[in-house]
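Engineer: pasting the sequence and the predicted model now:
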There are 2 protein chains.
Amino acid sequence: MKTLRVPEATITRLSVYSRFLEHLDQRGIVTVSSGEIAQGVGVSPAQVRKDLAYFGEFGTRGVGYNVKDLMWYILKILGLDEPWPLVLVGAGNLGLALCTYKGFNERGFSIVGVFDNDPNKIGKKIANLEVYHPEKMPEVITRHKVRVGIITVPSHAAQEVTDLMVKNGLQAILNYAPVALNVPENIEIRNVDMSTKLEILTFNLSKKEL
Amino acid sequence: MKTLRVPEATITRLSVYSRFLEHLDQRGIVTVSSGEIAQGVGVSPAQVRKDLAYFGEFGTRGVGYNVKDLMWYILKILGLDEPWPLVLVGAGNLGLALCTYKGFNERGFSIVGVFDNDPNKIGKKIANLEVYHPEKMPEVITRHKVRVGIITVPSHAAQEVTDLMVKNGLQAILNYAPVALNVPENIEIRNVDMSTKLEILTFNLSKKEL
């Protein structure tokens, strides 16, 4: 695979394309044009072609793309041709919601360990998983070959959890706490801000009032 | 305010800038350069200047921006100089997590009504709010002048809830169900996909193996 620097916006769109292709495949559709993909997901056909061009030649001029082939190719690009075991730290409401979020399983993600340092939570079950004390993290990470951790603790505890995840060998962290975290340069980290999309809505509504 | 078409990526970054400015303000810092903002949030200085230029002239050459002024101006741009009451439909784990999500309150969002059609949930309390049957939605929307709704029901119920929200006069919808929803053209809708950022991580990790 090329090692070209691919913009994150492209990766995000690939994810959207692959869901759309899955939807077509389920309906028994065999081929699709870049124009149809574009219309289906709300971007321009040129954007679809440009995004796919990062990864080589696809499709046949005048015929389009084979739905199944393209879908699998994109999943492979995204690294989703293999299962991804995850650990999650923070067995609160959000942690519980993520453990039962169907959108994860559909993409091959499975949470294999849930941790919390609250004695009232340790030993309880969340979606068939027992909540463990964080000291059991190394054992779970080794057993399931986990590379990615999810943080759903309150902001004040997030850096400590991050440091623990890095110490235990995790390579990537998805952070839901509304706080910026420090990690070594070789660790991938992304923050999920639950309110950013709300602010796009309020921006648009505010304009309408004027 | 200009009615220039502003890219959503700019709105998202404005949101990030405003949080960074708030952080500076709390530490008593009075002025900041575009370079410092850029470094603080991880974009280029040119990007910061370009994003702000959509909304007119800011800052003084050689001096930079006044932190408080710029922060308030951005909040005003985002429509966050006023409180935003919200209704939420779907009193499951994710709904509960959002009702107690501190990141909402910090930005002026407050959930004023929670609805579910599950008889086991109606009447229960979530974060000081009683869960109501959806038939009470019009009353709550009118009383609190709500314009924005949040959907946290399972995928199969999401379109029905959307239609109900539109019928009850909501103007914008934030959808957490992993499904595409149909709305009239005058309704703003955004989907929050909880797994997209995970896929950016897995893409990056997959590349590292090669």
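Structural biologist: Happy to help now that I have it.
Engineer: so where does A:R143 fall, helix or strand?
Structural biologist: Using DSSP states H and E, A:R143 sits in helix A:137-144.
Engineer: with just CA atoms, put that helix into PDB.
Structural biologist: Output of helix A:137-144 as PDB, limited to C-alpha atoms (Å, rounded to 0.1, in the frame of the first residue of the first chain):
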ATOM      1  CA  MET A 137      -5.300  -4.200  32.400                       C
ATOM      2  CA  PRO A 138      -1.900  -5.700  31.400                       C
ATOM      3  CA  GLU A 139      -3.300  -9.200  31.600                       C
ATOM      4  CA  VAL A 140      -6.300  -8.400  29.400                       C
ATOM      5  CA  ILE A 141      -4.200  -6.500  26.900                       C
ATOM      6  CA  THR A 142      -1.800  -9.400  26.600                       C
ATOM      7  CA  ARG A 143      -4.400 -12.100  26.400                       C
ATOM      8  CA  HIS A 144      -6.500 -10.300  23.700                       C
END
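Engineer: low-confidence stretches in chain A?
Structural biologist: Applying pLDDT under 70 to chain A picks out residues A:1-4, A:209-210.
Engineer: the strands in it, which residues?
Structural biologist: For chain A, applying DSSP state E gives strands covering A:31-32, A:65-66, A:84-89, A:109-115, A:125-126, A:129-132, A:148-151, A:172-175, A:188-191.
Engineer: the longest one vs strand A:84-89, what angle?
Structural biologist: With axes from the mean of the first three to the mean of the last three CA atoms, to 10 degrees applied, the angle from strand A:109-115 to strand A:84-89 works out at 30 degrees.
Engineer: what's strand A:109-115 in contact with?
Structural biologist: A:83-91, A:95, A:98-99, A:104, A:126-127, A:129-134, A:136-137, A:140-141, A:144, A:146, A:150, B:195, B:198 (CB atoms under 8 Å, 6 or more residues apart in numbering or on different chains). (Each C-beta comes from the backbone N, C-alpha and C, glycine too.)
Engineer: now do 6 Å
Structural biologist: With CB atoms under 6 Å, 6 or more residues apart in numbering or on different chains as the test, strand A:109-115 has contacts from A:84-89, A:91, A:99, A:126, A:129, A:131-132, A:134, A:137, A:140, A:144.
Engineer: near chain B too, which of the residues you listed?
Structural biologist: Intersecting these with the contacts of chain B gives A:W84 (criterion: CB under 6 Å from any CB of the partner chain).
Engineer: identify, from the contacts of strand A:109-115, the entry nearest to chain B.
Structural biologist: Chain B has its nearest neighbour among the contacts of strand A:109-115 in A:W84, at 5.7 Å by CB to the nearest CB.
Engineer: which residues sit in contact with that closest one?
Structural biologist: Per CB under 6 Å, 6+ apart, neighbours of A:W84: A:G108, A:F109, B:T202.
Engineer: now with 7 Å?
Structural biologist: Neighbour list for A:W84: A:G108, A:F109, A:V148, B:T202 [criterion: CB atoms under 7 Å, 6 or more residues apart in numbering or on different chains].
Engineer: show me what it is bridged to.
Structural biologist: A:F109 (DSSP bridges).
Engineer: skip the chain neighbours and tell me the closest residue to A:M165.
Structural biologist: Distance criterion CB to CB, 6 or more residues apart in numbering or on different chains; nearest residue to A:M165, sequence neighbours excluded, is A:G149 at 4.3 Å.
Engineer: so A:I189 touches A:I173, yeah?
Structural biologist: Yes - proximity of A:I189 to A:I173 meets the contact threshold set by CB atoms under 7 Å, at 4.6 Å.
Engineer: intersection of neighbour lists for these two?
Structural biologist: By CB under 7 Å, 6+ apart, the residues touching both A:I189 and A:I173 are A:V183.
Engineer: looking at these two, which is more packed in?
Structural biologist: A:I173 (23 against 19; other CB atoms under 10 Å in any protein chain shown).
Engineer: tell me the bridge partners for that one.
Structural biologist: Here A:I173, judged by DSSP bridges, has bridge partners A:G149, A:I189.
Engineer: tell me the contacts of it?
Structural biologist: Contacts of A:I173 by CB under 7 Å, 6+ apart are A:G149, A:I151, A:T162, A:M165, A:V183, A:I187, A:I189.
Engineer: which two of those residues lie the greatest distance from each other?
Structural biologist: Using CB to CB, the two most remote members of these are A:I151 and A:I187, lying 12.4 Å apart.
Engineer: fine, thanks again, bye for now.
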